[in-house]
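K.L.:
would you be able to build a 3D model of this:
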Amino acid sequence: MFKDVLKEAVHRTEGGLAALVMGFDGIAVDSYVREDRAVPIEVETIGMEFSVILKEIRKAAQLLDAGSAREISIQAEKLITVIHFISDEYFVAMAVAPDGNHGKARWLLRTSVPKLASELGG
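P.N.:
Reported below is the predicted structural model:
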């Protein structure tokens, strides 16, 4: 089920490369990587590296009394990573090419959260 949701989001996003559902412990629940991508991508490694930072961002938002963090977008020179929190334990992320439609990636991830959360038991 997870892979179907991730695949659909990646293929519906112009420039979508890969997506994953991961726990904040850095363990992937499931992932999907486009086979026809132009650039090799290791989405699980990206997720593991960002999971550490995401925990700190969540803490900072709470300390600043900003409420719970829900979404993060990291725009690097060669890759845009859009991350949406599913629960206190899980997040969904998508890697998008720099010239891709990261706004659509944000929307597709946000709208997939209820479906993913129900499958994760939340």
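K.L.:
any buried residues in the helix or strand bottoming out on mean pLDDT in the chain, and which?
P.N.:
Across the helices and strands of the chain, mean pLDDT, DSSP states H and E gives its lowest value to helix 43-63, namely a mean of 83. Within helix 43-63, the residues that qualify as buried are 43, 44, 46, 47, 48, 50, 51, 54, 58, counting by 16 or more other CB atoms under 10 Å. The way it works is simple: take the backbone N, C-alpha and C, and place the C-beta from them, glycine included.
K.L.:
can you spell out which helices and strands pack onto the one helix or strand residue 32 maps to?
P.N.:
Assessed by DSSP states H and E, residue 32 sits inside strand 28-33. Judged by 3 or more CB pairs under 8 Å, 6 or more residues apart in numbering; DSSP states H and E, the packing partners of strand 28-33 are helix 2-12, strand 16-23, helix 43-63.
K.L.:
quick one: the shortest one to helix 43-63, angle?
P.N.:
It refers to strand 16-23. 60 degrees (axes from the mean of the first three to the mean of the last three CA atoms, to 10 degrees).
K.L.:
what pairs with strand 16-23, parallel or antiparallel?
P.N.:
Using DSSP bridges, the strands paired with strand 16-23 are strand 28-33 (antiparallel), strand 90-96 (antiparallel).
K.L.:
ok, and what's touching the shortest one?
P.N.:
Strand 28-33 is contacted from outside by 2-3, 6-7, 10, 17-23, 41, 43-44, 47-48, 90, 120, using CB atoms under 8 Å, 6 or more residues apart in numbering.
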